[in-house]
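Undergrad: Here is my input, please return the structure:
(one chain, ligands or ions: 1)
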Amino acid sequence: MPSIHDLRPGQKYGRLKAVRLVEKCKHPVSGWIYKHLWLFKCDCGKEKITNAQIVITGKGISCGCYKSELCRTINKPPVTRHNLSHGATVGGKTPEYRIWGQMIRRCDSPKDTRFEDYGGRGIKVCDRWRKFENFIADMGLKPSSEHSIDRRDNDGDYCPENCYWATKKQQARNTRRNRFIEFNGERLTLAEWAERLGIAGSVIANRIDKFGWTVEKALTTRNGAKRILSYNGKMLSIAAWARDTGLTSGTIGARLKMGWSIEATLTRPCRFAEKTESLL
Ligand SMILES: [Zn+2]
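TA: Numbering: from 1, shown residues only. Take a look at the predicted model:
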């Protein structure tokens with residue numbers, strides 16, 4: 001994982017070349033520096049000041065010119081994957097564009113044959129992804145023709161946090177209806193276990209696939225991720241506090257596990273936490 005602390009003038013990410021650090025932004029409550037703004041120069045000649053983290057993690061690769069090139073091309077045939085992936089100004093209905101259109105139709109249009117499994121179950125496409133240029137900027141191009149869009153949480157919406165490119169094989173593993181899990185003499189689908197236990201299907205699947213838990217542990221461990229913290233008159237989930245304070249959910253969870261008070265957990269800057277932990 002690249003770090004913003006290692007960023008130096010002259011380094012290049014996509015079309016953006018780092019020029020200089022402009023500002024370190026401090027969170028007003030915690031005092032923690034949560035972003036580094038850098039000046040970048042784009043290949044097209046434009047300059048842009050932006051959050052360096054977004055650039056070095058590959059989420060922003062140009063001043064915006066790449067996106068508008070892609071956008072301009074989508075209705076202009078012919079296209080090949082080759083010239084699209086090189087950002088050239090020729091285009092047409094790319095595989096990504098077709099996938100985007102199908103995603104919207106199965107969520108929006110009751111006439112779509114798969115509507116019942118998507119829009120009919122309350123699954124939506126987020127507002128940002130109503131624009132193809134935003135969709136392609138967040139998802140990037142498909143890694144291969146075998147890949148299609150999949151959601152981590154099958155009951156969740158189509159949005160940047162929930163979606164990734166997956167092969168058919170990966171998708172089948174994540175499908176709520178055709179995955180059966182046997183436990184205590186019962187054979188139920190992942191979705192049925194999820195409903196019965198009040199744990200999201202994606203949580204159960206991740207426990208087994210990603211973390212290698214046994215079926216018993218995956219089905220019998222209560223889900224603590226939804227814990228609500230009350231502080232300063234506000235009640236928020238750990239994820240919401242993370243957004244609010246500029247800390248990560250991981251840091252907040254780890255501090256609580258170590259027995260920190262809610263106040264210390266939410267107000268101490270992260271650097272300090274790391275130092276104390278290393279002294280222990
Ligand atoms: Zn540019």
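Undergrad: So which residues of the stretch 151-280 of the chain form helices?
TA: Taking DSSP state H, counting those that start in this stretch as the criterion, the stretch 151-280 of the chain carries its helices at 168-173, 190-197, 201-209, 215-220, 238-245, 249-257, 262-267, 270-279.
Undergrad: Mean neighbour count, distance to residue 11 and mean pLDDT for these - can I get that in a markdown table?
TA: Glycine gets a C-beta too; all of them are placed from N, C-alpha and C. Formatted as a markdown table, the helices of the stretch 151-280 of the chain follow (neighbours: other CB atoms under 10 Å; distance: least, CB to CB, whole Å; pLDDT from 0 to 100):
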| stretch | mean neighbour count | distance to residue 11 | mean pLDDT |
| --- | --- | --- | --- |
| helix 168-173 | 13 | 33 | 69 |
| helix 190-197 | 17 | 44 | 81 |
| helix 201-209 | 19 | 34 | 83 |
| helix 215-220 | 15 | 43 | 86 |
| helix 238-245 | 17 | 28 | 83 |
| helix 249-257 | 16 | 27 | 84 |
| helix 262-267 | 17 | 34 | 89 |
| helix 270-279 | 12 | 24 | 50 |
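Undergrad: Same list, the ones you listed, but as CSV with distance to residue 6 please.
TA: Below are these laid out as CSV (distance: least, CB to CB, whole Å):
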stretch, distance to residue 6
helix 168-173, 32
helix 190-197, 41
helix 201-209, 31
helix 215-220, 38
helix 238-245, 24
helix 249-257, 21
helix 262-267, 28
helix 270-279, 17
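Undergrad: Distance to the ion for those - can I get that in TSV?
TA: Compiled in TSV, the helices of the stretch 151-280 of the chain are given as follows (distance: least, CB to the ion, whole Å):
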stretch	distance to the ion
helix 168-173	34
helix 190-197	44
helix 201-209	37
helix 215-220	47
helix 238-245	29
helix 249-257	33
helix 262-267	39
helix 270-279	33
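Undergrad: out of these, which comes closest to residue 147?
TA: Closest approach to residue 147 among those is made by helix 168-173 (8.8 Å; CB to CB).
Undergrad: is it true that residue 50 lies in a helix?
TA: No: assessed by DSSP: H, G, I helix; E, B strand; the rest coil, residue 50 does not belong to a helix; its assignment is strand.
Undergrad: Verify the stated contact: it with residue 61.
TA: No: counting by CB atoms under 8 Å, residue 50 does not reach residue 61; the two are 11.3 Å apart.
Undergrad: Tell me the residue of the stretch 101-250 of the chain that sits nearest the ion?
TA: residue 137 (13.2 Å; CB to the ion).
Undergrad: Touching the host helix or strand of that residue from outside, list them.
TA: Element membership for residue 137, per DSSP states H and E: helix 132-139. The contact list for helix 132-139, computed with CB atoms under 8 Å, 6 or more residues apart in numbering, reads 59, 67-68, 70-71, 74, 96-97, 100, 128-129, 149, 160, 163-165.
Undergrad: export the lengthiest helix in the chain as CSV, just CAs?
TA: Counting by DSSP state H, the longest helix found in the chain is helix 95-108. The C-alpha trace of helix 95-108 is given here as CSV (Å, rounded to 0.1, in the frame of the first residue of the first chain):
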residue,chain,number,x,y,z
PRO,A,95,-18.8,-3.8,-22.5
GLU,A,96,-18.7,-1.6,-19.5
TYR,A,97,-21.4,0.6,-21.0
ARG,A,98,-23.6,-2.4,-21.7
ILE,A,99,-23.2,-3.7,-18.1
TRP,A,100,-24.0,-0.2,-16.8
GLY,A,101,-27.2,-0.1,-18.8
GLN,A,102,-28.3,-3.6,-17.8
MET,A,103,-27.7,-2.8,-14.2
ILE,A,104,-30.0,0.3,-14.3
ARG,A,105,-32.7,-1.6,-16.2
ARG,A,106,-32.9,-4.5,-13.8
CYS,A,107,-33.3,-2.1,-10.9
ASP,A,108,-35.6,0.4,-12.6
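Undergrad: quick one, it and helix 132-139 angle?
TA: Orientation of helix 95-108 against helix 132-139 (axes from the mean of the first three to the mean of the last three CA atoms, to 10 degrees) gives an angle of 110 degrees.
Undergrad: Figure out how far stretch 145-156 is from the centre of its chain.
TA: When distances are taken as CA atoms, centre = their mean, to the nearest Å, stretch 145-156 is centred 12 Å away from the chain's centroid.
Undergrad: which parts of it are buried?
TA: 147, 148, 149, 150, 151, 153, 154 (16 or more other CB atoms under 10 Å).
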